[in-house]
Structures are given as C-alpha cells and as structure tokens.
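[1] The amino acid sequence is not available; the structure is as follows:
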C-alpha cells in the first residue's frame, strides 16, 4: 500500500522576488529595519491563493512572515497584514515561533489562542514540524508562552507554510482529509486516461499530410487514432 499523502502537499510555495536589501517597519520595536526581503506566492488547495512578504533581520537574528494578500472571505480578510515572527533558538540553526492557533466564532470574528498542550496543536503541525517547550527552545520561561515550533533558519518556505497551518487552516470549513481524498481521486482518474504517441507516422499519398499513430486509453476502453502533424512554415516555404 502506498504511503498516505501528507496534508502539507496541498500547499505550494514559490518565491517570486528576492531583494538583497529593503526596509520594513517592525511593530514590536516601533522602528524601521533593513535586511533581505523575499515575496512568496502560495497556492493552497484548502484555502486559496496568498502572497507573503518575508523580512530577514540578520542583526537581530529573526525572520518576519507577513500576509500581504489573502483569499477572499470575511475570515481571511482579518488575516491580511498579520505577521508571525521567528526568533533565534538555543538549538543551533533553528528559529522558533510561539504556537498561536486562530479560530473564528459564529459571527466570523477571528481570535487566536496560544497552545498550552500538545493536544491543542493541529496534527499537521505535529507531523511536519519539531514542537518543543518554550523553555527547551530558549532556555527561559515566560508567562503565557508554552509550546513553540522550530524551523531551520534558512527555510522560509516552511515558515510561510506554518503561517497557514496556524492561522488559516483551523478556520476552514473543509478539512485537509477531504481535499486530499478528492485530489487522490482526480489523480487516479487522470492516470486511467492515457494518450501516447507510438512513434509511428503515416503520410497520405495524395496530399502528403503526415499523421502520428496514437495509443489511447480511457478507463478500461482502448482505441487508436491518427493525429495530424502540422508542417512548420520553413518546411512549407522551402
């Protein structure tokens, strides 16, 4: 039996721009900061399309992930402009984020709750990220900070994905399992339908038109057809 598909495969993260140096406003410090900035376009089968801005502060050794553009909808609109901050951990090469899970009430008002126990952490996060206590990650204790996720300091795509797992996925009406099942069914159906070029060609003796023999499978049905091969302009004018 093939292994189950991971839910995070529903999230496709692609960097569309990288700036070696740019500026942004740090709300926690109330000042402008400078550093490397990247933009990521995300296609998420569960929630829709997103645009993220990732700001890397090398001096303070932290990374800010900000949702610049969100999918349509009352709930997602409240996430636009929201950010997550990843800070240096005691564990070498890793940055941590305090786990804060978004949820929406019956009026679509969005709030966040800091996770206190592993049971409160979504399964997708536990399956794909290292979860530690705040004390293990920082060597310190702080009121209200209990569990954190860890990401490799250079893995910005993992940080962007984590934003969706913490802030967007918990508020969706559909589940990742439902979308995965649908995706698997569509993939299986696509695999059933094949149109293969046999590599054999035939030329009409009257008009010199060329055709390729195609092997076609659709479900359990099997047939063959000829596909016309158009000649290039250079061939026609030669």
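    Looks like it came in fine. Keep in mind the model is a prediction, meaning the values are calculated, not measured.

[2] Can you list the residue ranges for strands in this structure?
    In the chain, strands defined by DSSP state E lie at 11-26, 31-44, 48-57, 62-69, 83-88, 94-98, 100-104, 110-114, 130-133, 147-152, 194-203, 210-218, 221-229, listed in chain order.

[3] elements contacting the longest one?
    Helices and strands touching strand 11-26, by 3 or more CB pairs under 8 Å, 6 or more residues apart in numbering; DSSP states H and E, are strand 31-44, strand 48-57, helix 156-163. Where you see a C-beta, it was placed from the backbone N, CA and C, and this is true even at glycine.

[4] Ignoring the adjacent residues along the chain, who's closest to residue 88?
    Closest residue in space to residue 88, ignoring its immediate chain neighbours: residue 61 at 4.1 Å, by CB to CB, 6 or more residues apart in numbering.

[5] burial count for that neighbour?
    Other residues within reach of residue 61, judged by other CB atoms under 10 Å, total 13.

[6] do you know how far it is from residue 138?
    Remark: distance between residue 61 and residue 138 (CB to CB, to the nearest Å) = 13 Å.

[7] just residue 160 next, same as before
    Separation of residue 160 from residue 138 (CB to CB) stands at 23 Å.

[8] of the two, who's got more company?
    In terms of neighbours (other CB under 10 Å), residue 160 is the more surrounded of residue 160 and residue 138; the figures are 25 against 19.

[9] quick one: contacts for that one?
    For residue 160, the contacting residues are 13, 40, 42, 52, 54, 65, by CB atoms under 8 Å, 6 or more residues apart in numbering.

[10] Most neighbours among those, which one?
    In terms of neighbours by other CB under 10 Å, those top out with residue 52 at 27 neighbours.

[11] Please give me every residue in contact with that residue.
    With contact set as CB under 8 Å, 6+ apart, residue 52 has these partners: 39-40, 42, 65-68, 160, 163.

[12] Tell me how many other residues surround residue 144.
    If you count neighbours by other CB under 10 Å, residue 144 ends up with 8.

[13] correct me, but it touches residue 114?
    Yes. Using CB atoms under 8 Å, residue 144 is in contact with residue 114, at 5.8 Å.

[14] Any regions of this structure where pLDDT drops low?
    The model of the chain has pLDDT under 70 over residues 1-5, 175-193, 219-220, 230-238.

[15] Quick check: can you list the domain ranges of it?
    Domain ranges of the chain: 7-183, 193-236, per automatic domain parsing.

[16] Run through the bridge partners of the closest residue to residue 148 other than its chain neighbours.
    Counting by CB to CB, 6+ apart, residue 96 is the residue found nearest to residue 148 once chain neighbours are left out, at 4.2 Å. Beta-bridge partners recorded for residue 96 (DSSP bridges): residue 87, residue 150.

[17] coming back round to it: compare the strands of the chain and give me the one nearest residue 167.
    The closest of the strands of the chain to residue 167 is strand 100-104. By CB to CB, the value is 4.5 Å.
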